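In: could you work out the structure for the sequence below:
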Amino acid sequence: MIEEITRYLYAIPRFARTGGLEQTKERLRLLGSPEKSFHYIHVAGTNGKGSVCAYMESCLRNMGYKTGLFTSPHLIRINERIRIGNQEISDENFAEAFYKVKNLIDIQKEQGIAHPTFFEFIYLMAMTAFQKAGIEYGVIETGLGGRLDLTNAVEKPDITVITSIGLDHTAILGDTFEQIAAEKAGIIKAGVPLVYLDDRESVSKVIREKAGEAYPVKKEWIHMDSVKPGRLDFSLECPYFEKYDIMLNTNGIYQTENGALAVTAMEVLKKSLNWTLSEADFRKKIIEGLARMTWPGRMEAVAKDIYVDGAHNDDGIRELVRSVETIFPEKNIYLIFAVAEDKDYREMIHHLCGLKHLKGVMVTEIDNGRRRDFHEVMDIFKENWNGNIQGTYNVNEAIRAERSRKGKDGVLICTGSLYLVGHVKEILGGI
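Out: Now for the predicted structure:
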């Protein structure tokens, strides 16, 4: 049954002309307004929004609340997009949510109403599943942008969070930081507190102009204490609350910013929702929740000395390079790289070729209909680096070759696309 449902969903266009936000609001109403049955936490941004969502969900769950988590894309199974508690939605509950939404869509189809996009269908399923499960807090990641994103159909979330803003999806969102920031800032609502990463003044200015109650988080408030493979210790000192000492189980240095955003958002939520935990217990639950969370596909170890990272834009690759050089300062580095056709891969490659101790590159392709020919990508690598560059359309072959080339002492990094990450994890069994 799940295979049949998955085929149906994958056949739905990713982008199509629909009724937009108003149609989504109407569909939610006809489904019984499931999004109003729980506290709604809304997170937008270019990079890090999935991680912030996961950190916040883990903290809330550790406090004893029943949680739901809606993120995208998935790496291997479509069920990953909808999580209840610490588990992805079961096939049975996925199917139940699917048919509830499909029954509504079938009725609307007879009325001449356009079919929802793939993302809207999954979002409606998630809201339905969350209501049935009786969750208390739903942490919702936007799909694309914010202002017109279908997750923005909710009237008044409990809090909004905007993570790092970078240049991605420029054909849809705009080709400047300010234009993209304006789209992301579309999730800001009157009377709803906002937490955002204050890392580019031009971006922050756009956000401040739209925000009411706002809590910027500055990078200089984050102080790294120690870095070890698989573990980061840092402190967060800001004007809103007392200092936090935080440990994250990750190799991604960039996750400190996402952890800081999650902590700040939790502190703001505490103030607005009047939680009854003592201050000491609250802080303990937050610190434990952050430490327990591991988010797949972000500097994730999937085999000995093999890591996957879903960085797929300029800023993401910059942060990946920083993490690799910090965690593995003396190791020889080998890359497997693939990229979608709609990405600005030239800058990504330029930064990757600046990696210290880079010894080999294998370019391959993602198999999802949006792949960019590996020969084109190889040419750009050759313009930026005169080392050993190879290519193959076959990801299995890419892994075999680079695993052999890196030997016992090298580190292999697979990056450029979350679709590549999912494929590598599936091949290596890192599920």
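In: show me where pLDDT drops low in the stretch 251-400 of the chain?
Out: Across the stretch 251-400 of the chain, the ranges flagged by pLDDT under 70 are 368-370.
In: one more time with 90
Out: For the stretch 251-400 of the chain, the stretches with pLDDT under 90 are 271-277, 294-295, 312-315, 340-345, 366-374.
In: in it, which spans are helices?
Out: Assigned by DSSP state H, counting those that start in this stretch, the stretch 251-400 of the chain shows helices spanning 255-273, 279-292, 314-327, 345-352, 374-384, 395-406.
In: just the stretch 101-250 of the chain next, same as before
Out: Secondary structure of the stretch 101-250 of the chain, counting by DSSP H, counting those that start in this stretch: helices at 118-133, 170-173, 177-184, 201-210.
In: most tightly surrounded among those helices?
Out: Per-stretch averages of neighbours, counted by mean count of other Cβ atoms under 10 Å, single out helix 118-133 among the helices of the stretch 101-250 of the chain, with a mean of 24. Every C-beta, even on glycine, is put in place using the N, C-alpha and C of the backbone.
In: tell me what that helix is packed against?
Out: With contacts taken as 3 or more Cβ pairs under 8 Å, 6 or more residues apart in numbering; DSSP states H and E, helix 118-133 sits against helix 2-10, helix 20-30, strand 67-70, strand 82-84, helix 91-110, strand 137-141.
In: thinking again about what came up before, including distance to Pro34 and mean neighbour count, could the helices of the stretch 251-400 of the chain go into TSV?
Out: Rendered in TSV, the data for the helices of the stretch 251-400 of the chain read as follows (distance: least, Cβ to Cβ, whole Å; neighbours: other Cβ atoms under 10 Å):
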stretch	distance to Pro34	mean neighbour count
helix 255-273	20	23
helix 279-292	25	17
helix 314-327	33	21
helix 345-352	39	21
helix 374-384	43	17
helix 395-406	38	18
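In: relative to Arg298, which of the ones you listed is closest?
Out: Taking Cβ to Cβ as the criterion, helix 255-273 is the member of these that comes nearest to Arg298, at 6.7 Å.
In: show the model's pLDDT score for Asn47.
Out: Taken from the predicted model, the pLDDT recorded for Asn47 is 86.
In: my guess is it meets Ile162, correct?
Out: No - look at Asn47 against Ile162 with Cβ atoms under 8 Å: they stay out of range, at 11.3 Å.
In: neighbour count winner among these two?
Out: Neighbour count, other Cβ atoms under 10 Å: between Asn47 and Ile162, Ile162 has more, with 31 against 25.
In: which residues does the closest residue in space to the more buried one that isn't next to it in sequence contact?
Out: Computed as Cβ to Cβ, 6 or more residues apart in numbering, the closest residue to Ile162 that is not its neighbour in sequence is Tyr196, at 4.0 Å. For Tyr196, the contact set (Cβ atoms under 8 Å, 6 or more residues apart in numbering) comprises Val161, Ile162, Thr163, Ser204, Ile207, Ala211, Ala214, Tyr215, Pro216, Val217, Leu261.
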